[in-house]
Structures are given as C-alpha cells and as structure tokens.
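**Student:** pasting the structure only:
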Ligand SMILES: Cc1cc2nc3c(=O)[nH]c(=O)nc-3n(C[C@H](O)[C@H](O)[C@H](O)COP(=O)(O)O)c2cc1C
C-alpha cells in the first residue's frame with residue numbers, strides 16, 4: 001500500500017510538517033510494508049495556478065508539478081494535514097487541490113486539522129464542502145484535529161495514559177487503520193471501469 005501525505009502549510013518548519021512526520025511514523029508501525037510519499041507545500045514544488053485552464057503545469061515537461069503528480073498517482077490513499085490560518089485552509093493547499101486532475105480520484109483521504117489554540121475544525125469543514133468537485137478525492141468520515149498543536153505528539157511514547165495527548169494518539173491510530181481499509185476497498189471503484197473522466201470531466 002502506498003500512502004501520500006500532503007503537508008498543507010506553506011511555512012517552513014511548520015507544526016503541520018512535524019505532525020505529518022509523526023503520522024508517517026505511526027503508519028509504518030500500523031501498516032507493515034506501507035510505502036510512503038510526502039508533498040510539503042513549504043518546499044515550493046507546487047506551482048501557482050495562474051487561472052489559465054488551457055495551460056496546466058502538467059502539460060509542461062519541465063514543471064515541478066510532474067514529480068508531485070507522479071507521487072500522487074502512485075498512492076492509493078492520502079493524508080491531508082491542514083493548518084488553520086486565519087480561520088481557513090491555506091490558499092497554498094487550495095492551489096494544490098485545484099491543480100490535481102485525477103491523480104487522487106476515488107482515493108480515500110484522511111483530513112488532519114492543526115491549530116495553535118482550540119480551532120482547527122473550520123478548515124476541515126471547508127475542505128469537505130468545496131475541495132473535491134473535480135479532483136474526486138473521497139474524504140473519509142473520520143477526521144483528526146491536533147490542538148494545541150505545539151503541545152501534542154511531542155514523543156511517540158503511548159504508555160502514559162494520563163498524558164494530555166494519549167486519547168489523541170489512540171484516535172490517530174484508529175483513523176490511520178480505517179484509512180488503510182478504505183484504501184483496500186476503494187481500489188475496487190477505480191478498477192471497476194465506471195469512472196468516466198471523459199464524459200464527466202468536471203463534477204456538478
Ligand atoms: C498566518 C497565520 C494565521 C493563523 N491563524 C490561525 C487561526 O485562525 N486559528 C488558529 O487556531 N490558529 C491560527 N494560526 C496558528 C496556527 O494554527 C499554528 O501556526 C499551527 O502551528 C498550525 O500552522 P503551521 O502548520 O503553519 O505551523 C495561524 C498561523 C498563521 C501563520
């Protein structure tokens with residue numbers, strides 16, 4: 001199984017990156033043999049969409065988008081780590097999602113919110129309502145919100161049941177395991193031959 005993690009913060013050294021690293025370590029433990037990719041929006045490998053539908057970066061062989069696109073295509077599931085910036089999902093993440101054509105189509109996605117305080121859920125609601133019309137990502141119902149981010153998931157140790165993030169760690173493991181099962185099941189949708197991106201290029 002191949003799982004790609006999208007680090008949705010454009011900030012170098014973000015909490016979203018630290019939490020993504022934690023999620024990847026847990027995935028290695030929970031899904032033995034898992035192959036993992038990572039797209040960190042802070043490394044500027046995703047070009048900015050200039051609004052021209054006829055000139056997708058993927059049509060330019062020299063574009064950095066092509067290696068990102070390949071990483072997405074190889075995956076059968078994604079984890080999308082979404083920081084709350086001014087109450088919304090970062091524009092860099094929205095830009096990434098609209099550049100995706102069908103690389104992530106009919107693949108399950110786990111949303112993970114990140115907030116410095118007690119927020120983090122509005123950006124997830126935003127992505128659930130508006131981020132999948134054309135790329136056809138399937139967000140799974142389970143989601144995770146890490147808050148207050150700087151104090152959570154500092155160590156991988158899970159033995160202290162009184163630790164403030166003990167329950168969060170259990171929830172993360174649960175969500176990652178569910179994501180693995182969705183990945184197995186949605187493979188059938190993609191291989192069914194029913195998905196028709198030629199007749200129905202854009203969602204309604
Ligand atoms: C420009 C900016 C705006 C932010 N706005 C919010 C916010 O509206 N709500 C919130 O809970 N945290 C907010 N934060 C704090 C982030 O939640 C915090 O930086 C957290 O670590 C996740 O972002 P990061 O992954 O970029 O580090 C903001 C941070 C930045 C840089």
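**Tutor:** Ah, there it is. Every value quoted in this text rests on a predicted model; they were computed, and no experiment measured them.
**Student:** could you say what helices and strands the longest helix seen in the chain packs with?
**Tutor:** For the chain, the longest helix by residue count, based on DSSP state H, is helix 166-191. Helix 166-191 is packed against helix 15-30, strand 77-83, strand 108-114, strand 138-146, with contacts defined by 3 or more C-beta pairs under 8 Å, 6 or more residues apart in numbering; DSSP states H and E. The C-beta positions use only the backbone N, C-alpha and C, and glycine is treated the same way.
**Student:** Contacts only, for the residue nearest the centre of the chain.
**Tutor:** For the chain, the residue nearest the mean C-alpha position is residue 80 (1.8 Å; C-alpha atoms, centre = their mean). By C-beta atoms under 8 Å, 6 or more residues apart in numbering, the contact list for residue 80 reads 5-6, 8, 93, 109-112, 127.
**Student:** ok, 10 Å please
**Tutor:** 4-8, 16, 20, 39, 89, 93, 96-97, 104, 109-113, 124, 127, 131, 137, 139, 143 (C-beta atoms under 10 Å, 6 or more residues apart in numbering).
**Student:** What of residue 22?
**Tutor:** The contact partners of residue 22, by C-beta under 10 Å, 6+ apart, come to 81, 112, 146, 152-156, 169, 172.
**Student:** Just the buried subset of these, please.
**Tutor:** The neighbour-count criterion (16 or more other C-beta atoms under 10 Å) marks 81, 112, 146, 152-153, 169, 172 among the contacts of residue 22 as buried.
**Student:** ok, and the closest non-adjacent residue to the residue nearest to the centre of the chain?
**Tutor:** residue 6 (4.8 Å; C-beta to C-beta, 6 or more residues apart in numbering).
**Student:** where's the most far-flung residue of the chain relative to its centre relative to the ligand, distance?
**Tutor:** Distance from the C-alpha centroid of the chain, by C-alpha atoms, centre = their mean, peaks at residue 162 (29.5 Å). According to C-beta to the nearest ligand atom, to the nearest Å, residue 162 and the ligand sit 24 Å apart.
**Student:** Need the three-state assignment for that residue.
**Tutor:** What DSSP: H, G, I helix; E, B strand; the rest coil gives for residue 162 is coil.
**Student:** Pull the number of nearby residues for residue 106.
**Tutor:** Applying other C-beta atoms under 10 Å, we find 17 residues neighbouring residue 106.
**Student:** Sorry, wrong one. I was asking about residue 78.
**Tutor:** Residue 78, neighbours per other C-beta under 10 Å, totals 26.
**Student:** For the spatially closest residue to it that is not a sequence neighbour, list each beta-bridge partner.
**Tutor:** The shortest distance from residue 78 to any non-neighbouring residue, by C-beta to C-beta, 6+ apart, is to residue 109 (4.6 Å). Note on residue 109: beta-bridge partners by DSSP bridges are residue 78, residue 139.
**Student:** what residues are up against residue 109?
**Tutor:** Listed by C-beta under 10 Å, 6+ apart, the contact set of residue 109 reads 4, 6, 75, 77-80, 127, 131-132, 135, 137-140, 143, 179, 182.
**Student:** From residue 138, how far off is it?
**Tutor:** Distance of residue 109 to residue 138, computed by C-beta to C-beta, to the nearest Å: 6 Å.
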